[in-house]
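Here's my sequence, what's the structure:
(one chain, ligands or ions: 1)
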Amino acid sequence: MHAIDVTPKVWDRLQSVRRDGACFCCGQFTTAERAALQIYGPVARRDLGPLTIAQIGQSLDGRVATASGDARDVSGPEGLAHLHRLRALVDGVIIGVKTALHDNPRLTVRLCSGDNPARIVIDPRGRLPDDAPVLKPCGARRIIIQAVDRERSAGVEVLRLTAANGRLDPQQILTGLHGMGLNSLLVEGGGLTITGFLEAGLLDRLQVSIAPLIIGAGPQGLTTMTPVQTLSQALRPETRVFGLGSDIVFDCAFGDMAVSANTPMHRPPLVSAAC
Ligand SMILES: NC(=O)c1ccc[n+]([C@@H]2O[C@H](COP(=O)([O-])OP(=O)(O)OC[C@H]3O[C@@H](n4cnc5c(N)ncnc54)[C@H](OP(=O)(O)O)[C@@H]3O)[C@@H](O)[C@H]2O)c1
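All right, here's what the predicted structure looks like:
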């Protein structure tokens, strides 16, 4: 496991990676700083085309909330800071409407420096009220993906898609958002929304942050619609493990991302290499 240290120098470099296409392999960094570059660098990169990453914070027993719905916050302080860093590195953050209704998140960047991402809610039936915190103006784009004709407040963009049996095609969601200029996307939850992208094979990365608490009951992080029958069929992504302090992150890469984004400058061992 690699302990990370997100010093101002590291964060500046990551902002340069995102903004200017800088590398994150060169320079003098401590081992923990270099580990921070390794976990966030693949998210900050723009040279590999569109990126879809999901992040979920869960307890030791795999829960994301209590049975009564208390979900603030499962993650520890460093886990929350980690989430805000991810927000600052992507173009847009996606949540399902249940999270928007239950948690009233703002999806803004508050625990680190950086721009607010576009805030995107998948709300096929148009259930989200116009005064939801996630729709409050904050200088960033606000987008609702819906399958009904419902007017939204001025400044809120609507991506209108067609549902089949109440479901929106995750690929159409990504294609629509890419067409709106949003290429790096963080799916922040909840579990239903993340597994929709996971099962469609559309996640480049999945980060599962585990906080040291046991809740005992309540909604679980990821539950797929098409579970495997044997362990040999289980997804086994290329995974690196990072220590945040309060929480541990399993950083999983799928498909091409497991090969391209992690090499040559992202692959452990965490050594400095020239570009
Ligand atoms: N710990 C964490 O990291 C974290 C993060 C976020 C949320 N949470 C917790 O997770 C819980 C909510 O999560 P959840 O999994 O139940 O729900 P969710 O993912 O927040 O929202 C699911 C809903 O979003 C809509 N949706 C998402 N993808 C869709 C698609 N492809 N096609 C059509 N509709 C789609 C549907 O809305 P309709 O129901 O209108 O059809 C669906 O029922 C809350 O307890 C929240 O506190 C935890």
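
Show me the strands in the chain, by range?
2-3, 51-58, 92-96, 118-122, 142-146, 156-160, 184-189, 205-210, 238-243, 248-253 (DSSP state E).

Tabulate these (TSV), appending mean neighbour count and mean pLDDT.
All C-beta spots, glycine's among them, are computed from the backbone N, C-alpha and C. Below are those laid out as TSV (neighbours: other Cβ atoms under 10 Å; pLDDT from 0 to 100):
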stretch	mean neighbour count	mean pLDDT
strand 2-3	16	96
strand 51-58	24	97
strand 92-96	25	98
strand 118-122	26	98
strand 142-146	23	98
strand 156-160	15	98
strand 184-189	26	96
strand 205-210	23	97
strand 238-243	16	97
strand 248-253	21	97
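
got TSV for the ones you listed, with distance to A65 too?
Putting those into TSV (distance: least, Cβ to Cβ, whole Å) gives the following:
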stretch	distance to A65
strand 2-3	28
strand 51-58	9
strand 92-96	13
strand 118-122	18
strand 142-146	23
strand 156-160	27
strand 184-189	10
strand 205-210	14
strand 238-243	24
strand 248-253	19
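
what does the stretch 51-200 of the chain have sitting close to the ligand?
56-58, 64-65, 69, 71, 74, 95-99, 102-103, 122, 124-125, 127, 166-168, 170, 188-193, 196 (Cβ under 6 Å from any ligand atom).

Please list only the buried members of the residues you listed.
For those, a burial check counting by 16 or more other Cβ atoms under 10 Å picks out 56-58, 64-65, 71, 74, 95-99, 102-103, 122, 124, 168, 170, 188-193, 196.

Let's see the pLDDT reported for M265.
You'll see M265 listed with a pLDDT of 36.

do you know how far the closest residue to A200 other than its chain neighbours is from L185?
Closest residue to A200 apart from its sequence neighbours, by Cβ to Cβ, 6 or more residues apart in numbering: P170 at 4.3 Å. Between P170 and L185 the computed distance is 11 Å (Cβ to Cβ, to the nearest Å).

Mind telling me which residue of the stretch 1-150 of the chain is nearest the ligand?
G96 (2.2 Å; Cβ to the nearest ligand atom).

for that residue, what are its contacts?
V121, I122, G189, G190, L192, T193 (Cβ atoms under 8 Å, 6 or more residues apart in numbering).
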